[in-house]
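*Asks:* return atomic coordinates for the entry below.
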Amino acid sequence: MMTSKEIRKAFLDFFASKGHTPVPSAPMVVKNDPTLMFTNAGMNQFKDWFLGNSAPKWKRVCDSQKCLRVSGKHNDLEEVGHDSYHHTMFEMLGNWSFGDYFKTEAIDWAWELLTEVYKIDKDRLYATVFEGSEEDGTELDKDAMETWKKHLPEDRILLGNKHDNFWEMGDTGPCGPCSEIHVDLRSDEEREKVSGASLVNTGHHLVIEIWNLVFMQYNRKANGELELLPNHNVDTGMGFERLCMTLQGKQSNYDTDVFTGMLQKIEELSGKKYGQDEQVDIAMRVIADHIRAISFSIADGQLPSNVKAGYVIRRILRRAVRYGYTFLGFNEPFLCRLVQQLIDDMGEFYPELTQQQTLIERVIKEEEMAFLRTLDRGIRLMDNIMEKSKETKVIKGEDAFVLYDTFGFPIDLSELIASENGYTIDIEGFNAELQKQKDRARNATANEFGDWVEFHHCENVEFLGYDYTELDGVLLTRHRTVKSKNKTMFQLVFERTPFYGEMGGQVGDTGYIVSESGEKIRILNTIKENNLTIHVAERIPSDCSESFTLHVDEERRQQIADNHTATHLLHQALREILGPHVEQKGSYVTDAYFRFDFSHYEKLTDEQLHQVETRVNELIRANYPLCENREATMEEAKAAGAMALFGEKYGDKVRMVRFGDSCELCGGVHTSATGNIGYFKISSESAIAAGVRRIEAVTGVYAEQMADQMQETIRTARSFFNNAPDLAAAIRKMVEENENFKKELEEIAKEKTVALKNSLKEAGAAVDGVRIVTIDQDMDPAMLKNAAFMLQKETERFALAAAFEHAGKPQLLMMYSDDMVKAGHHAGNDIKAAAKLILGGGGGQPGLATAGGKNVEGLKEALAQLKAAALK
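*Replies:* Okay, the predicted model is just below:
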C-alpha cells in the first residue's frame with residue numbers, strides 16, 4: 001500500500017515524465033488578487049496566464065497546491081467533521097497545459113496514471129462528459145466523448161449538465177467543459193445490487209469524484225455570451241485526500257495516513273478513543289482538519305483577526321476549540337500542542353511549517369486562551385438570557401445572534417446549552433439576523449465588472465517605474481468600467497507604465513496622463529490584479545487610440561520610496577538589537593507614514609525603542625546607496641544573505657535590494673540613497689497578535705513635524721511650572737504632592753461616610769418592626785453607597801430607600817440588612833422595578849442595588865414603591 005508521501009511523489013514524477021515542470025505550491029493566503037482571500041483551487045496561481053495578462057513561463061506545469069475552502073462559493077465549513085470527505089485545508093494535485101496539449105492527452109494521461117501507476121481497478125471508474133447547453137448554444141463535448149470511448153464502455157461514460165460539467169472561474173472570464181473521473185469504492189456485493197452509474201454526482205460517500213479535467217476553450221463576457229479563446233488550456237485538479245482514501249483501501253479520508261497520526265495525538269491528549277462515540281469522533285475530525293488550515297495560514301503570513309481573511313482563520317480556530325471544549329473536555333489550550341504532529345506529517349514537503357513553528361504555536365496558544373475566556377463569558381451571558389426568557393422557554397433569535405456576532409459565541413453551543421436547560425432558540429429569527437449581516441457584507445463589497453475593451457494587444461505590461469516617473473508615447477491596451485457601492489471607477493491598462501500598482505504592502509502611485517491631443521486625466525490610484533497593473537482614472541480618454549504620456553506624482557513617490565527603504569533599515573536595526581528571531585510579518589507603506597509588523601514575544605522597552613531609533617538614524621546618515629540586482633536567481637539571493645518573506649510567492653528571477661548590510665528580496669520602489677530619508681521617528685509600538693509586534697513610524701518632514709509637536713508640548717508643559725529648568729523634577733514633585741492630597745481627601749471622605757452612616761442609623765421610624773430610612777435630597781451617590789454597605793452589616797430589620805436628583809439625573813438606591821435578605825427581600829429586583837418609573841435601568845445584589853435614569857419626575861413615585869417593597 002502506497003503512503004500519502006509516495007502518492008504525492010508518484011503524481012509529480014509521472015507528469016514530469018510527460019514534459020511538465022513541477023512547481024512549488026503557492027501560498028494558501030492570496031495577497032494580490034482582490035477577488036480572492038485564499039487559494040481555493042490549484043489554478044489560482046496561474047490565473048493571470050489563463051486571463052492573458054502575462055505570457056506563461058512554461059507550456060506544461062504540475063504541482064500539489066495547498067487550498068482552503070471555507071467562505072464564499074465553496075463554503076464547506078459546517079460540513080467538515082460530520083462526513084468522511086469535506087475539509088477546510090486540502091491539497092489539490094494538478095497538471096496544466098497553456099496552449100499546448102488539449103483533451104486527448106489530458107484524458108489519456110489521467111487514465112494511464114490512475115490505472116497503470118496507481119493500479120486502480122478499471123471497472124470501478126466512471127467518466128462524465130458535458131452534454132451541451134441550449135442556453136449557451138454549446139453542443140455535446142464530442143472530443144472528450146470519443147477519447148473516453150478508448151478507455152471505458154459507453155455505459156460508464158455519463159453525460160453531465162452545465163451545473164456539473166461546465167467549469168467557470170467566475171461570472172466572467174475563461175471557462176469551458178470539464179470531464180470528471182469518479183470511483184466506486186463500495187463492496188462487490190453492493191456494486192452488484194446497485195450500479196455505480198446511478199450514484200455518480202448524487203452525494204454518495206463511496207461513489208466520489210477524484211479528478212476533474214477542465215478544458216478552457218471559452219471566455220464568458222459580462223453580458224453572459226461565450227466567445228472562443230485564441231489558445232486552449234487544460235486545468236486539472238485531483239483531491240489528494242480522496243485519492244489517498246482510494247489507494248489505501250479506506251472508506252473515509254480520515255482513516256488514511258494523512259490524518260491517522262494527528263487523530264492518535266488527539267486521543268493521547270484527550271484520553272478519549274476515536275471510533276467509540278459519534279460526537280467524540282466528529283470533534284476529533286474537526287480538530288484534525290482545522291489544525292492544518294490554521295497552521296498553514298499563519299505560516300503563510302495570515303494571523304487571526306476580526307477582519308477579512310484573518311476573521312476566517314479565527315472562526316476556524318474557534319470552531320476547533322469549541323468542539324474540543326464541548327466534547328473532548330479540553331479546558332486549556334490544546335491546538336498549539338498539535339503543531340509538532342502536523343510538522344511530522346507534512347513538514348518534509350512543506351518546510352514553511354518547520355521554519356515558522358514557534359510563531360505558529362505561540363499565535364495559536366494566545367488565540368485559544370482568548371477564546372476560552374470568551375466561552376466562559378458567553379456561558380454567563382447565556383444564563384442571563386435564559387433568566388430573561390424563563391416564561392416562554394424560547395430564546396429570541398436576536399439575542400442568540402448578539403451572542404454569536406458580538407461575543408463570538410457559536411450558535412450550536414448556544415443551542416446545546418439551551419437544550420440542556422429545557423429551552424429552545426428561535427433559529428428562524430437567528431438565521432434572519434445572520435442573513436441581514438451577510439447582505440450588508442455582500443452589498444459593501446459587491447462589484448460589477450464590465451468587459452475589457454481592447455485597443456492594442458499586449459501580452460505583458462512592462463513596469464519601468466524603478467527608473468522613470470514619466471513615460472511618453474505609451475499605448476492604451478484596454479479599459480473597463482467597474483461599479484462599486486454606487487460609484488463608477490474607470491480602469492486603464494497601458495503597454496508599459498512608470499506607475500507602481502499597490503502590492504507587497506506599498507500603496508499605489510497617483511498622478512496623471514496626457515493624450516497626444518492634450519487631454520489630461522488624473523490617475524487616482526494604481527492597483528495590481530492578477531499580475532496586471534491597473535490605473536484607476538477619473539474617466540476614460542476621449543480617444544483611446546492615441547498615445548499617452550504618463551506622469552507619476554514625483555513628490556509623493558519619493559516619500560513612499562523613502563518610507564519603504566526605512567522599513568528595511570528598521571528590520572535590520574530590530575534584528576541587531578533584539579536578535580535574529582525578528583522577521584518581518586507584514587508592512588504598510590504610504591507617503592505619510594508606515595507600519596512594520598515583526599515577530600517578537602514581548603513589549604519593547606523605552607530603552608530598546610530609543611536604541612532602534614538611534615540605529616536607524618545612524619543608517620540614514622551613513623547615506624548608503626541603493627544596490628540592486630533585478631535578475632538574481634533564488635540561489636544567488638540566498639548566497640548573498642538576502643531575506644525573503646514567508647507567505648510570498650517568488651519567481652525564478654527575484655529583485656535583490658541592498659543598503660549597506662541590509663539585503664532583502666523586494667519588488668517595491670526605494671530611495672536612491674538612505675540619506676534622502678532625512679530623519680526617522682517611531683510614533684507607536686504595540687502588539688497585534690501573539691508573538692507579533694507592530695511599529696508605526698514617520699520619516700522626513702513628517703518626522704520633523706512630530707518632533708516639533710513634541711517640543712511644543714514640552715514648552716507648554718514647562719510654562720505651567722514657571723518655566724522650571726528641570727521639567728521632570730517639577731512634574732515628579734507635583735505628582736508626589738497630589739498623591740499626598742489624594743490620601744488626605746480619602747481620609748476625609750471616609751470620615752464623612754462614617755458620619756453619614758451614623759446619622760442614617762439613627763434616622764427613620766420603625767414600621768411593623770422594620771426601621772425604614774428614606775432619602776429624597778441630593779447627596780454624593782458614591783458616599784451614600786459606601787455608607788449603605790456599612791449599614792448592611794451593622795443593622796437588623798433595617799431598610800434604606802433613596803430617590804433623589806444628582807447632577808440633573810435621577811438616582812435610586814435600595815439596601816436591606818442581612819436578616820431581611822434572608823427573609824426574602826431582594827434589593828436588585830425592587831430597584832429594577834422602580835427604575836422603570838425614572839425611565840432607567842439598574843440592579844445589583846439582594847442586599848444592595850442602585851439605578852440611574854432620565855425622568856426626574858418619577859422620583860417621588862419610585863421612592864414610594866421602594867418603601868412599600870420594604871414593608872412586604
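*Asks:* so what pLDDT did the nearest residue to residue 181 once chain neighbours are set aside get?
*Replies:* Among residues not flanking residue 181 along the chain, residue 211 sits closest, at 4.2 Å (C-beta to C-beta, 6 or more residues apart in numbering). C-beta here means a position set from N, CA and C on the backbone, and glycine is covered the same way. For residue 211, the model assigns a pLDDT of 96.
*Asks:* just checking: what are the partner strands of the helix or strand that contains residue 211?
*Replies:* According to DSSP states H and E, residue 211 maps onto strand 207-220. Using DSSP bridges, strand 207-220 pairs in its sheet with strand 173-184 (antiparallel), strand 226-239 (antiparallel).
*Asks:* isn't the residue nearest to residue 181 up against residue 178?
*Replies:* No - Residue 211 is not in contact with residue 178 according to C-beta atoms under 8 Å; the separation is 10.1 Å.
*Asks:* picking that back up, now do the contacts for the residue nearest to residue 181.
*Replies:* Neighbour list for residue 211: 110, 114, 180, 181, 236, 237, 238, 239 [criterion: C-beta atoms under 8 Å, 6 or more residues apart in numbering].
*Asks:* tell me which of the strands paired with strand 207-220 sits nearest to residue 856.
*Replies:* strand 173-184 (65.6 Å; C-beta to C-beta).
*Asks:* next SSE downstream of that closest one?
*Replies:* Defined by DSSP H and E, the subsequent element after strand 173-184 is helix 188-193.
*Asks:* do you know how far residue 200 is from residue 506?
*Replies:* 49 Å (C-beta to C-beta, to the nearest Å).
*Asks:* hang on, the earlier thing: chain center to the strand holding residue 211, what's the gap?
*Replies:* Its chain's average C-alpha position is 29 Å from that of strand 207-220, according to C-alpha atoms, centre = their mean, to the nearest Å.
*Asks:* ok, stretch 464-471 next?
*Replies:* On C-alpha atoms, centre = their mean, the centre of stretch 464-471 falls 35 Å from the chain's centre.
*Asks:* quick one: end-to-end length of it, please.
*Replies:* End-to-end span of stretch 464-471 (C-alpha to C-alpha, to the nearest Å): 9 Å.
*Asks:* can you check stretch 658-669 too?
*Replies:* 12 Å.
*Asks:* do the same with stretch 403-416
*Replies:* Terminal-residue distance, stretch 403-416 (C-alpha to C-alpha): 14 Å.
*Asks:* using the three-state scheme, assign the residue most central in space within the chain.
*Replies:* The residue lying closest to the centre of the chain (C-alpha atoms, centre = their mean) is residue 310, at 1.4 Å. With DSSP: H, G, I helix; E, B strand; the rest coil as the basis, the three-state label of residue 310 is helix.
*Asks:* and the strand or helix carrying residue 473, what's buried?
*Replies:* Secondary structure from DSSP H and E places residue 473 in strand 470-484. Buried positions in strand 470-484, judged by neighbour count with 16 or more other C-beta atoms under 10 Å: 471, 474, 476, 477, 478, 479, 480.
*Asks:* that strand: partners in the sheet, and parallel or antiparallel?
*Replies:* strand 447-449 (antiparallel), strand 453-454 (antiparallel), strand 487-494 (antiparallel), strand 547-552 (antiparallel).
*Asks:* please name the nearest non-neighbouring residue to residue 87.
*Replies:* If the residues on either side of it in the chain are set aside, residue 87 comes closest to residue 289, at 5.3 Å by C-beta to C-beta, 6+ apart.
*Asks:* where does pLDDT dip in the protein?
*Replies:* Residues of the chain meeting the criterion pLDDT under 70: 32-35, 71-76, 441-447, 646-649.
*Asks:* quick revisit: wait, what's in contact with the residue nearest to the centre of the chain?
*Replies:* Contact partners of residue 310, counting by C-beta under 8 Å, 6+ apart, are 302, 303, 304.
*Asks:* and what of residue 836?
*Replies:* No contacts exist for residue 836 under C-beta under 8 Å, 6+ apart.
*Asks:* can you tell me the SS state at it?
*Replies:* helix.
*Asks:* and for residue 257?
*Replies:* Assigned by three-state DSSP, the conformation of residue 257 is coil.
*Asks:* that one contacts residue 248, correct?
*Replies:* Yes - Residue 257 lies in contact with residue 248 (C-beta under 8 Å); the separation is 7.0 Å.
*Asks:* where do the strands sit along the stretch 51-200 of the chain?
*Replies:* 60-68, 89-98, 125-130, 157-160, 166-168, 173-184 (DSSP state E, counting those that start in this stretch).
*Asks:* export those strands to CSV and tack on distance to residue 399?
*Replies:* Converted to CSV, the strands of the stretch 51-200 of the chain look like this (distance: least, C-beta to C-beta, whole Å):
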stretch, distance to residue 399
strand 60-68, 32
strand 89-98, 34
strand 125-130, 47
strand 157-160, 45
strand 166-168, 41
strand 173-184, 43
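*Asks:* out of the ones you listed, flag the one nearest residue 585.
*Replies:* Set against residue 585 and scored by C-beta to C-beta, the strands of the stretch 51-200 of the chain come closest in strand 60-68, at 19.2 Å.
*Asks:* hang on, residue 324 in a strand?
*Replies:* No - per three-state DSSP, residue 324 lies outside any strand segment and is helix.
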